[in-house]
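Visitor: Pasting a predicted model and its sequence here:
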Amino acid sequence: MSIQTLVGEATIPPKTDSLAASPFDTDSFNEAVMSTYARFPLALERGAGCRVWDTQGREYLDFVAGIATCTLGHAHPAMIEAVTRQIQKLHHVSNLYYIPEQGELAKWLIQHSCADRVFFCNSGAEANEAAIKLARKYAHTVLDIEQPIILTANASFHGRTLATITATAQPKYQKYFDPLVPGFHYVDYNDIAAVEAAISELDEGDYGVAAILIEPLQGEGGVRPGDRAYFQRLREICNETGVLLIFDEVQVGMGRSGKLWGYEHLGVEPDIFTSAKGLGGGIPIGAMMSKKFCDVFQPGEHASTFGGNPFVCGVALSVCQTIEKENILQNVQERGEQLREGLKAIARQYPQHLTDVRGWGLINGLELQADIPLTAADLVKVAIKEGVLLVPAGPKVLRFVPPLIVSEAEINIALQAVERALAIVTA
Ligand code: PLP
């Protein structure tokens, strides 16, 4: 079955009359919901494939995909089938018992990665928290480090819990939330000398570097791919010193890069890695995976009530199997190439405004010139009016993360909308 057929098969859900009758009441929404997001003035109510509709029936091409999450787009038949089957059968019981779907999903992940063991949770931040806890226990019990330190990279993003905002080396996410969690140290991304210096300088008394937590491609930090030579040297350093190498694959993993895992682009394997976002295709699930040698957790040391329940695991397994069965990685590679070529052609037309196009597969960034007032958020607002949803990655990078089933025609429509948006903002 071709990708186009699959998209075509998605049934378009009916309009919700109560919502469609009048413009969405953003004031009453804002009265009730905490203002943790600066929302675009758009209320979405249904979707099919790579298209979504707002409450007034306007159609958009969705190149945000729930921020790199809706792997199979919206209302995909495989997800509808899995959600329906699983909710009718069993949705939640707790990890007090064996959950067959959890075991099946873990086995699929192990068969398709370098991992030997999986722990399930509900989000990317939780998966990273689990990795941080595992690394700390490994440091105490195996490396004999009393005060373990985890190195992370400047401009990284690892989540919004206290430990993961501390791991996230961007002051804007940490402001007002101190005291932060001790035991983190920041180095520049793609700078091997900084890592070498930190490991030797921090090895003093009870202190020592236990792990390096890093994204194979920095997503929120501006869609910056890791440098192959840097990551290969990181792997060598970790082999030589016993420091654990942890990859945050939350945004780039599960096929988004055109390979199942971002680390496959870099020719190195981590000791521990995390996944979330695309893993469940939009159903909340996270996973922390490790090699056998560093699986040091004992019963009771880490847990999650919802983590790995029958519902999310049954649906995520169906997402994984669909990626494989439908050869979706090939689509990601081909459509990614098409998108980057199109964006490069646009960047050549606007040298005063655009400076770079970069990414892997279907995670791509279009960078704006630093010294002009135009921001990525300004462009997103105009692109929405032109019928395409996009999301910034930092102030100056426009991010393109469509569903992995996006078609050739849809990429062309999005490119044309970006061209129109640029013509408008630069006029
Ligand atoms: N790690 C990376 C690389 C991410 O991009 C994100 C979210 O954008 C997270 C972790 C946090 O994931 P979540 O929002 O599911 O907690």
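Guide: Noted; the coordinates are in hand. Numbering: from 1, shown residues only.
Visitor: which parts of the stretch 151-300 of the chain sit against the ligand?
Guide: 157, 158, 159, 215, 219, 220, 248, 250, 251, 276 (Cβ under 6 Å from any ligand atom). From N, CA and C alone the C-beta is placed, and that goes for glycine too.
Visitor: In these, which residue is surrounded by the most others?
Guide: Per-residue neighbour counts (other Cβ atoms under 10 Å) across those peak at residue 248, which has 34 neighbours.
Visitor: Would you agree that residue is in contact with residue 275?
Guide: No - using Cβ atoms under 8 Å, residue 248 is not in contact with residue 275, being 9.1 Å away.
Visitor: what sits in contact with each of the two?
Guide: residue 124 (Cβ atoms under 8 Å, 6 or more residues apart in numbering).
Visitor: Can you give me every residue that contacts the residue of the stretch 251-400 of the chain found nearest the ligand?
Guide: Per Cβ to the nearest ligand atom, residue 251 is where the stretch 251-400 of the chain lies closest to the ligand, at 3.5 Å. Listed by Cβ under 8 Å, 6+ apart, the contact partners of residue 251 are 67, 68, 124, 157, 215, 217, 219, 220, 277, 363.
Visitor: Identify those among those residues that sit within helices.
Guide: Of the contacts of residue 251, the ones assigned to helices by DSSP state H are 67, 68, 124.
Visitor: re the thing from before, JSON lines for the residues of the stretch 151-300 of the chain next to the ligand, including pLDDT?
Guide: Listed next are these as JSON lines, based on pLDDT from 0 to 100:
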{"residue": "157", "pLDDT": "98"}
{"residue": "158", "pLDDT": "98"}
{"residue": "159", "pLDDT": "98"}
{"residue": "215", "pLDDT": "98"}
{"residue": "219", "pLDDT": "98"}
{"residue": "220", "pLDDT": "97"}
{"residue": "248", "pLDDT": "99"}
{"residue": "250", "pLDDT": "98"}
{"residue": "251", "pLDDT": "98"}
{"residue": "276", "pLDDT": "98"}
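Visitor: now, which of the residues you listed lie within strands?
Guide: Under the assignment DSSP state E, those contribute residue 248 to strands.
Visitor: rewinding a little: now, which of the ones in helices among the contacts of residue 251 sits nearest residue 24?
Guide: Nearest to residue 24 out of the ones in helices among the contacts of residue 251 is residue 67 (Cβ to Cβ; 20.5 Å).
Visitor: quick one: that closest one and residue 277 touch, right?
Guide: Yes - assessed by Cβ under 8 Å, residue 67 is found in contact with residue 277 at 7.2 Å.
Visitor: So those two - more neighbours on which side?
Guide: residue 277 (29 against 14).
Visitor: burial count for residue 27?
Guide: Residue 27, neighbours per other Cβ under 10 Å, totals 8.
Visitor: all helices of the stretch 151-300 of the chain, in order?
Guide: For the stretch 151-300 of the chain, applying DSSP state H, counting those that start in this stretch gives helices covering 162-167, 171-174, 192-201, 228-241.
Visitor: Of those, which stretch is the most buried?
Guide: helix 162-167 (a mean of 23; mean count of other Cβ atoms under 10 Å).
Visitor: how far out from the middle of the chain is it?
Guide: 17 Å (Cα atoms, centre = their mean, to the nearest Å).
Visitor: Kindly report the same for stretch 134-143.
Guide: The answer for stretch 134-143 is 27 Å, by Cα atoms, centre = their mean.
Visitor: likewise stretch 387-398?
Guide: Here the centre of stretch 387-398 is set off from its chain's centre by 15 Å, with Cα atoms, centre = their mean.
Visitor: That stretch close to the ligand?
Guide: No - on the criterion Cβ under 6 Å from any ligand atom, stretch 387-398 is out of touch with the ligand, staying 9.3 Å away.
Visitor: now the end-to-end length of that stretch.
Guide: 15 Å (Cα to Cα, to the nearest Å).
Visitor: Identify the residues contacting it?
Guide: The contact list for stretch 387-398 (Cβ under 8 Å, 6+ apart) reads 42, 52, 59-64, 67, 155, 219-223, 365-370, 375-377, 379-380, 383-384, 399-401, 413-414, 417-418, 421.
Visitor: Over to stretch 198-210?
Guide: 135-136, 138-139, 143, 145-151, 185, 187, 237, 241, 243-244.
Visitor: how far does it stretch from start to finish?
Guide: Terminal residues of stretch 198-210 lie 12 Å apart, using Cα to Cα.
Visitor: Repeat that for stretch 181-192.
Guide: 25 Å.
Visitor: Would you mind giving the domain segments of this structure?
Guide: Using automatic domain parsing, the domain parsing of the chain gives 3-63+328-425, 77-325.
Visitor: Fine by me, we can end here.
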